[in-house]
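# Sharing a sequence plus its predicted fold:
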Amino acid sequence: MTTLFATGALVLGATGFMALKGFNTNTWHNPTPGMASFHNLSATTLEGDDFDFNQLKGKRVLIVNTASRCGYTSQYKPLEELHDVYKDKGLVVLGFPCNQFGMQEPGSSTDIREFCTRNYGVSFQMMSKVDVKGNDQHPVYAWLTQEALNGSGDHKVRWNFHKFLVDGEGQLVAALGSGADPLGDEIKAFAAGE
């Protein structure tokens, strides 16, 4: 089989095409009020507690779908660093474990908490495992991915560690692919409120 590398893509002979670029596609938006309010959403934490997004008013939020057995799992470390540096400056990091991509998050809430704490010292808010796409898509991800709800744009979560940025007004600012560095300049500027 012939393998050719092209700009942003890997072509695999006659067997098909896999767009690597899709994992790293970043889209920034001019903040636009959503048709549905981000702050009316809620989720359940890993510990089983209700987490009302109303408490996020005035905060900048980074939402990321996570997995414990992924090539991007090491991003827990820079996500934790981002949280540590900017949590007192109005940033909230929310992790949503998901098992929809390569079955890379098979564990229970207890397993996930233990893994994150033991290996990466994660102290940012982790939610219970959710579906980020499909028929059982969590309402938070419905809002993040549907322009009809968020007012900014339609997005597809293509893999683990896809990141969304929401400003203090509850407006979607960006959808960033898995390869986006949590400590990259653009994310740090957002985290700092610049």
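Yes, it's here.
# C-alpha only now, for contacts and for neighbours.
Fine.
# Tell me which helix or strand the residue minimising distance to the centre of the chain sits in.
Central residue of the chain (C-alpha atoms, centre = their mean): Val64, 1.9 Å from the mean position. In the assignment (DSSP states H and E), Val64 maps to strand 60-66.
# Just the mean pLDDT for that strand, thanks.
Throughout strand 60-66, pLDDT has a mean value of 98.
# From the contact counts, what lies against the very next helix or strand once past it?
Using DSSP H and E, the next helix or strand after strand 60-66 towards the C-terminus is helix 76-86. For helix 76-86, the elements it packs on are strand 91-97, helix 109-120, helix 185-192, judged by 3 or more C-alpha pairs under 8 Å, 6 or more residues apart in numbering; DSSP states H and E.
# Check the gap between Trp143 and Tyr72 for me.
Taking C-alpha to C-alpha, to the nearest Å as the criterion, Trp143 is separated from Tyr72 by 24 Å.
# Could you do Ser178 as well?
Ser178 is 7 Å from Tyr72, by C-alpha to C-alpha.
# ok, the two, which is more surrounded?
Ser178 (25 against 16; other C-alpha atoms under 10 Å).
# wait, isn't that one in contact with Phe164?
No: taking contacts as C-alpha atoms under 8 Å, Ser178 lies outside contact range of Phe164: 10.4 Å.
# overlap in contacts of those two?
Here Ser178 and Phe164 have no joint contacts, going by C-alpha atoms under 8 Å, 6 or more residues apart in numbering.
# quick one: low-confidence ranges for this structure?
1-35 (pLDDT under 70).
# 50 instead?
1-22 (pLDDT under 50).
# related to what we said a few turns ago, in TSV: the helices and strands packed on helix 76-86, plus mean neighbour count.
Below are these laid out as TSV (neighbours: other C-alpha atoms under 10 Å):
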stretch	mean neighbour count
strand 91-97	24
helix 109-120	15
helix 185-192	17
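# Just put these in a markdown table and tack on distance to His155.
What follows is these, written out as a markdown table (distance: least, C-alpha to C-alpha, whole Å):
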| stretch | distance to His155 |
| --- | --- |
| strand 91-97 | 17 |
| helix 109-120 | 26 |
| helix 185-192 | 18 |
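# right, and the ones you listed - which one's nearest Arg158?
Smallest distance to Arg158 across the helices and strands packed on helix 76-86 (C-alpha to C-alpha): 14.2 Å, for strand 91-97.
# The closest one to helix 76-86, inter-axis angle?
With axes from the mean of the first three to the mean of the last three C-alpha atoms, to 10 degrees as the basis, strand 91-97 and helix 76-86 are set at 160 degrees to each other.
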